[in-house]
Every structure is written in structure tokens, then in C-alpha cells.
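S.K.: Give me coordinates for this.
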Amino acid sequence: KGDGHIEGEKVENPDTGLYYDEYLRQVIDVLETDKHFREKLQTADIEEIKSGKLSRELDLVSHHVRTRLDELKRQEVARLRMLIKAKMDSVQDTGLDHQALLKQFEHLNHQNPDTFEPKDLDMLIKAVSARYK
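M.R.: Predicted coordinates:
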């Protein structure tokens with residue numbers, strides 16, 4: 001009482017400054033809808049998260065959660081493709097390598113653009129961790 005927090009109220013987190021901040025937030029929100037994964041996330045220490053141990057729990061989330069994560073990943077890949085296209089259009093005829101551009105996006109596995117796998121969660125965690133070292 002008196003702390004201004006209402007039960008069930010969503011707390012707004014500050015912008016991380018990451019170019020994939022919205023994707024990160026959406027992935028976390030979807031993962032937290034799965035009771036098993038939310039419990040694992042709440043009990044995991046930072047080293048378990050960074051090491052990729054938590055990413056393996058992705059195989060145990062519900063089908064609905066995996067389907068939503070796949071959809072989020074496809075949306076993020078489409079967004080990144082638009083960014084790459086815009087960059088390539090702005091520097092036409094400079095011989096930019098499309099694959100080299102894709103490799104700069106280390107927060108997801110661009111070789112598998114259709115499904116969100118444990119490797120994607122691991123890459124997302126590692127990209128965020130590297131940013132805040």
C-alpha cells in the first residue's frame with residue numbers, strides 16, 4: 001500500500017538504446033507468457049542466462065509460444081531486410097556484400113529466417129550482454 005504500484009500493472013522499462021530493442025522486448029513478453037519458462041527465468045542467475053543454459057529451456061515452451069516467437073522473428077528479419085535494402089540503395093554500385101551486411105546483425109540467426117530456435121535466444125542474450133559489458 002502507498003507505493004503507487006498496482007497489482008498486474010505493467011512496468012515500463014527504459015529504452016535500452018539497442019537497434020533491436022522492440023524485438024527484444026517482444027521476445028521477453030512472449031516468453032513470459034509461458035509459465036514454465038517464466039519460472040526458469042525468475043530463478044536463473046545471470047551466468048545461467050549468459051551461458052545459454054536458459055536458451056535450452058525454449059524447447060519446453062508451449063506450441064503457441066513457439067509459433068508467436070517464429071512470427072516475431074520473421075517480422076524482425078523483414079525489418080532488417082528493409083534496412084539492408086535501404087543501405088544498399090543509398091550506396092549503389094559500391095560492391096557491398098549482402099552476407100557481410102547480414103552478419104552485422106548478431107541478435108538473431110539470419111541463416112534460419114523462419115523459426116525462432118534456442119540458438120536465436122542464445123544469440124539475442126549474447127548480443128545484449130556484449131552491449132553492456
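
S.K.: contacts, neighbours, all on C-alpha from now
M.R.: Fine.

S.K.: tell me, what residue is most central in this protein?
M.R.: Centroid-nearest residue in the chain: L24, 3.9 Å away (criterion: CA atoms, centre = their mean).

S.K.: Show me what the strand or helix carrying that one is packed against.
M.R.: Assignment of secondary structure by DSSP states H and E places L24 within helix 21-31. Contact partners of helix 21-31 among helices and strands, from 3 or more CA pairs under 8 Å, 6 or more residues apart in numbering; DSSP states H and E: helix 63-90.

S.K.: just to revisit the earlier point, which element is encountered next along the chain beyond the helix holding L24?
M.R.: Downstream of helix 21-31, the next assigned helix or strand under DSSP H and E is helix 35-43.

S.K.: Could you list the buried residues of that following helix?
M.R.: Of the residues in helix 35-43, those with enough neighbours to count as buried (16 or more other CA atoms under 10 Å) are F37, R38, L41.

S.K.: what's the weakest-modelled helix or strand in the chain?
M.R.: Considering only helices and strands, the least confidently modelled element of the chain by mean pLDDT, DSSP states H and E is helix 98-103, at a mean of 59.

S.K.: send the alpha carbons of stretch 56-66 over as CSV?
M.R.: Extracted as CSV, the C-alpha positions of stretch 56-66 are listed here (Å, rounded to 0.1, in the frame of the first residue of the first chain):
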residue,chain,number,x,y,z
ARG,A,56,17.7,-24.7,-23.9
GLU,A,57,14.5,-24.3,-22.0
LEU,A,58,13.0,-22.9,-25.2
ASP,A,59,12.3,-26.5,-26.3
LEU,A,60,9.9,-26.9,-23.4
VAL,A,61,7.7,-23.9,-24.1
SER,A,62,4.2,-24.3,-25.5
HIS,A,63,3.4,-24.6,-29.2
HIS,A,64,1.5,-21.3,-29.1
VAL,A,65,4.6,-19.5,-27.6
ARG,A,66,6.9,-21.0,-30.3
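
S.K.: Run through who's touching that stretch.
M.R.: Residues from elsewhere that reach stretch 56-66 (CA atoms under 8 Å, 6 or more residues apart in numbering): V30, L31, T33, D34, H36, F37, K40, F116, E117, P118.

S.K.: Having no further points to raise, I will conclude here.
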